[in-house]
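J.: just to be clear, the model below is a prediction. Sequence and coordinates:
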Amino acid sequence: MLWKKITGCPHYGKKDDGSPRTQTPRCIILHYTSGSFVSARSWFLHQDSYVSSHLLIERDGGVNELFAPEYVTWHAGDSTWRERRWCNGFSYGIELVAENEAEDSGLRFTFTEAQYGTLREILWGTQAEGPFGLADRFGLTAEAAGTPDADILGHEHVSPGRKSDPGPLFDWSQIAQLKASRPVPTEVPEQPVEITEQLPVNQSIDNTSLFVKLLVVIQRILGKLKRDNHVS
């Protein structure tokens, strides 16, 4: 899966000497944008916005990385997770470009299948390069996703009453889909090789013929081992 990097966002945690503060994500927090991809990107890059995130996922599933996971970004604000305050210092923030389909003044933010697919790759994917497989990388699970004590949750769960994203229309069951369907690797026990070559009863043989027959049996064994160990 391809991804793009967005550079130039000035909003991230810094030490007194100006170097980046670093962190190890203990949870992943999902958000929605209240506007288009272009407006969200512009707002993140604006000098006076004082907000940022690690990732921005477009409606078509496109991945845009603003910061590597070890950076501290400003996506959660006043927040609490498992009695720890200010989640920016130990979390990874993902923004999903959402559309408000409410016909009145209400909020009905929806998400696309492409976004869910990308999100699963971000969490559980095996691609070596890029922001993929992050949940596995940091030892996070999909257990109880979308609840206040989960490893993967929403802004609404760490800032209840203040934030509502990703909202009631976000399908949390999609988070675990790839994880659940991925086959669990198991060790296949080594199977004994069956030797079916037998000599006729009461047949007189000399050492040469016995040696030839043994060679035939060994060749068959080697051939079977090669077939058994072949990876398609």
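T.: Nice, thanks for sending it over.
J.: for the residue minimising distance to the centre of the chain, give its distance to Phe132.
T.: Nearest residue to the geometric centre of the chain (Cα atoms, centre = their mean): Leu123, 1.7 Å. Leu123 is 9 Å from Phe132, where distance means Cβ to Cβ, to the nearest Å. Glycine gets a C-beta too; all of them are placed from N, C-alpha and C.
J.: give me the number of residues near the closest residue in space to the residue nearest to the centre of the chain that isn't next to it in sequence?
T.: Nearest residue to Leu123, sequence neighbours excluded (Cβ to Cβ, 6 or more residues apart in numbering): Ala135, at 4.1 Å. Neighbouring residues of Ala135 were enumerated by other Cβ atoms under 10 Å; the total is 23.
J.: which residues of the protein fall in strands?
T.: For the chain, the strands defined by DSSP state E cover 3-5, 27-33, 55-57, 63-65, 80-81, 84-85, 91-97, 99-100, 109-110, 152-154.
J.: can I see the domain layout of this structure?
T.: Annotated domains of the chain cover 3-181, 189-232 [automatic domain parsing].
J.: mind listing the residues bridging to Arg84?
T.: Judged by DSSP bridges, the bridge partners of Arg84 are Trp81.
J.: let's number from 36 now, not from 1
T.: All right, first residue 36 from here; so that's Arg119.
J.: compare the mean pLDDT across the strands of the chain and name the weakest.
T.: Between the strands of the chain, the one with the least mean pLDDT is strand 134-135; it has a mean of 84.
J.: contact partners of that one?
T.: Residues from elsewhere that reach strand 134-135 (Cβ atoms under 8 Å, 6 or more residues apart in numbering): 69, 94, 142-145.
J.: swap in stretch 47-65?
T.: If you take Cβ under 8 Å, 6+ apart as the criterion, stretch 47-65 is touched by 87, 102, 104-111, 114, 116, 122-129, 131, 154, 158, 169-170, 173, 175, 185-190, 193, 200-201, 205.
J.: swap the cut-off to 7 Å and go again
T.: 87, 102, 104-108, 110-111, 116, 122, 124-129, 131, 169-170, 173, 175, 186-190, 193, 201 (Cβ atoms under 7 Å, 6 or more residues apart in numbering).
J.: off-centre distance for that stretch?
T.: Taking Cα atoms, centre = their mean, to the nearest Å, the mean C-alpha location of stretch 47-65 is offset from the chain mean by 20 Å.
J.: do stretch 184-199 as well
T.: That offset, for stretch 184-199, works out to 20 Å (Cα atoms, centre = their mean).
J.: go ahead and confirm Gly165 touches Trp38.
T.: Yes - Gly165 lies in contact with Trp38 (Cβ atoms under 7 Å); the separation is 4.9 Å.
J.: so for the two, which residue has more residues nearby?
T.: Trp38 (18 against 15).
J.: check contacts around Ser38.
T.: One correction, residue 38 is Trp, not Ser. Counted by Cβ under 7 Å, 6+ apart, Trp38 has contacts 98, 100, 165-166.
J.: brain fart, Ser69
T.: Ser69 neighbours (Cβ under 7 Å, 6+ apart): none.
J.: any idea how far it is from Leu131?
T.: 11 Å.
J.: same check on Leu90?
T.: Distance of Leu90 to Leu131, computed by Cβ to Cβ: 9 Å.
J.: do the same with Phe144
T.: For Phe144, the distance to Leu131 - Cβ to Cβ - is 9 Å.
J.: which one of these two has more residues nearby?
T.: Neighbour totals were compared for Phe144 and Leu131, and Leu131 leads with 24 against 21 (other Cβ under 10 Å).
J.: so where's this protein uncertain?
T.: 137-141, 212-267 (pLDDT under 70).
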